[in-house]
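Visitor: Predicted model follows, preceded by the sequence.
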Amino acid sequence: MHSSGKLTILVVEDDPNDARVVERLLIEQRQAGSSGALAEPITIDSIDHAESLRSAFDRIDEGSPDVILLDLNLPDSRGLETVERVTERAPSIPVVVLTGQTDVGIEAIRCGAQDYLLKRSITAELLSRTLRYAVERSRTQSTLRDRTQRLAVLNNIIRTDIRNDVSMIVGRSDQLRDDTSGTNAAAAESILEASHHLLEITDAAAAVMDVISGEVDDVRQPRDLNAILDDAISDCRRREDVDLVVERTLPTDRSVTVTGSAMLGSAFETLLSNATARPSRERVHITVTVSADDEHAVVEIADDGVGLTDTQQTALTDGTAIDDRVDLDAGLYLVRTVLEKIDAEIDVRDNEPSGTVTTITLERVQRSDGD
């Protein structure tokens with residue numbers, strides 16, 4: 001868009017009569033807008049016309065228009081392929097398709113167009129509104145694409161540069177701990193513990209960015225809860241010095257299928273890892289209880305460690321917007337993000353005499369095999 005805020009419009013239409021109608025409506029819109037006759041007019045700087053796709057590409061290369069009004073059937077391109085070729089050539093320019101069929105217009109949107117107009121029912125006001133919304137939606141999408149790209153860059157930094165350096169610190173701290181004694185050994189142990197925690201944080205932060213940026217498939221889909229939990233529990237037992245007991249109300253050979261996502265296992269791994277936090281070197285006791293009825297499956301994780309603060313519990317459960325004042329680390333933010341996307345419920349309360357009880361309620365999916 002020009003710095004003045006005015007739109008340059010390219011009309012791609014090979015039928016001279018249809019082209020004249022559209023241009024007349026644009027001129028009518030411009031005149032109505034200047035007189036205040038339209039409630040929300042657009043401001044047009046210039047109107048250009050191309051009769052073929054090749055000519056349209058030349059106009060785009062000469063000076064990108066702010067929006068393209070595109071007929072699908074041109075001398076050198078026909079049908080939905082026309083939309084695909086234009087959006088591939090100029091992905092940042094919003095396209096509004098001119099068509100005579102509603103179903104074709106809908107398919108055109110799926111192919112990349114911002115909107116469509118039925119030729120037989122175009123009015124100056126409808127044209128103005130459609131073009132304005134198309135430009136606004138395209139601008140919003142462009143901003144989102146930019147943010148996604150920035151997330152991808154940050155994700156790469158976390159997964160490579162930061163993680164590589166922290167892994168080096170872990171290795172060196174291990175060597176120092178083995179080669180020193182007394183105060184120095186204690187210092188090396190503290191550095192090692194902090195480094196392991198930092199690795200967990202960077203992994204969780206990277207996983208959150210994967211979900212937000214769409215790098216992983218977080219679509220709701222049926223998942224075997226027992227299999228997910230078994231993997232998370234095995235990983236916890238392998239990495240942590242804990243007493244971990246699992247109680248199930250259903251036989252272990254019966255699958256419990258729930259509405260989940262590819263990241264549900266990461267959420268449980270994070271909750272179990274968080275449950276292992278301890279005030280001293282004492283072993284933490286964790287009990288994982290799994291129950292299910294016809295509609296829901298419930299997973300309860302109870303520990304006697306340091307527990308979550310009141311603000312962390314509230315941030316996980318009340319559903320309010322998250323900002324920089326919320327007391328959530330990357331791991332807990334991952335848990336909340338994953339559970340929100342699958343409409344799972346989470347409840348957190350203090351355990352007695354210490355620790356936390358976290359309850360996750362998931363929608364159960366009934367399978368035809370008798371699950």
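Guide: Cool, the structure landed.

Visitor: Would you mind listing the residues in contact with T123?
Guide: Counting by C-beta atoms under 8 Å, 6 or more residues apart in numbering, T123 makes contact with L25. Any C-beta I mention is one placed from the backbone N, CA and C, and that applies to glycine too.

Visitor: what residue ranges in the stretch 151-300 of the chain score low on pLDDT?
Guide: For the stretch 151-300 of the chain, applying pLDDT under 70 flags the ranges 151-159, 161, 180-182, 197, 204-205, 207-218, 251-253, 279-281.

Visitor: domain ranges for this protein?
Guide: Per automatic domain parsing, the structural domains of the chain span 7-141, 217-371.

Visitor: What segments of the protein are strands?
Guide: 7-12, 44-50, 67-71, 95-99, 115-118, 221-224, 242-248, 257-260, 284-292, 296-303, 345-350, 356-363 (DSSP state E).

Visitor: For V135, find the nearest of the ones you listed.
Guide: strand 67-71 (5.6 Å; C-beta to C-beta).

Visitor: L127 is in contact with I27, isn't it?
Guide: No - between L127 and I27 there is no contact under C-beta atoms under 8 Å: 10.9 Å.

Visitor: Tell me which of these two has more neighbours.
Guide: For L127 versus I27, neighbours defined as other C-beta atoms under 10 Å are more numerous around L127 (20 against 13).

Visitor: and the residue nearest to that one when sequence neighbours are not counted, what does it touch?
Guide: Distances taken as C-beta to C-beta, 6 or more residues apart in numbering place L25 nearest to L127, at 5.2 Å, with adjacent residues excluded. For L25, the contacting residues are 122-124, 127, by C-beta under 8 Å, 6+ apart.

Visitor: Please produce CSV containing these, extended by distance to R139 and pLDDT.
Guide: Below are the contacts of L25 laid out as CSV (distance: C-beta to C-beta, whole Å; pLDDT from 0 to 100):
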residue, distance to R139, pLDDT
I122, 23, 87
T123, 24, 88
A124, 23, 85
L127, 19, 88
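
Visitor: My read is that V348 contacts G355, right?
Guide: No - using C-beta under 8 Å, V348 is not in contact with G355, being 11.1 Å away.

Visitor: Just grab the bridge partners of G260 for me.
Guide: Note on G260: beta-bridge partners by DSSP bridges are Q221.

Visitor: For I27, see how far away L144 is.
Guide: Here the criterion is C-beta to C-beta, to the nearest Å. By it, L144 lies 34 Å from I27.

Visitor: rewinding a little: now the strands of the chain as a markdown table including distance to Q312?
Guide: As requested, the strands of the chain are exported to a markdown table (distance: least, C-beta to C-beta, whole Å):
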| stretch | distance to Q312 |
| --- | --- |
| strand 7-12 | 49 |
| strand 44-50 | 53 |
| strand 67-71 | 47 |
| strand 95-99 | 47 |
| strand 115-118 | 44 |
| strand 221-224 | 26 |
| strand 242-248 | 20 |
| strand 257-260 | 23 |
| strand 284-292 | 17 |
| strand 296-303 | 14 |
| strand 345-350 | 8 |
| strand 356-363 | 9 |
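
Visitor: Of all those strands, which one is nearest M168?
Guide: Smallest distance to M168 across the strands of the chain (C-beta to C-beta): 27.6 Å, for strand 242-248.

Visitor: The closest one versus strand 296-303: what angle between them?
Guide: Comparing the axes of strand 242-248 and strand 296-303 via axes from the mean of the first three to the mean of the last three C-alpha atoms, to 10 degrees yields an angle of 160 degrees.

Visitor: Send over strand 242-248 as CSV, restricted to the C-alpha atoms.
Guide: The C-alpha trace of strand 242-248 is given here as CSV (Å, rounded to 0.1, in the frame of the first residue of the first chain):
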residue,chain,number,x,y,z
VAL,A,242,12.3,-41.4,42.8
ASP,A,243,9.8,-43.9,44.2
LEU,A,244,7.2,-44.0,41.5
VAL,A,245,4.0,-46.1,41.9
VAL,A,246,1.4,-46.6,39.2
GLU,A,247,-2.2,-47.5,40.1
ARG,A,248,-4.8,-48.3,37.4
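
Visitor: measure the residue nearest to L127 to L98 for me?
Guide: According to C-beta to C-beta, L25 stands 11 Å off from L98.

Visitor: Kindly point out which residues are neighbours of both of these two.
Guide: With contacts taken as C-beta under 8 Å, 6+ apart, L25 and L98 have I122 as neighbours in common.

Visitor: Kindly state the pLDDT recorded for E40?
Guide: With respect to pLDDT, E40 scores 60.
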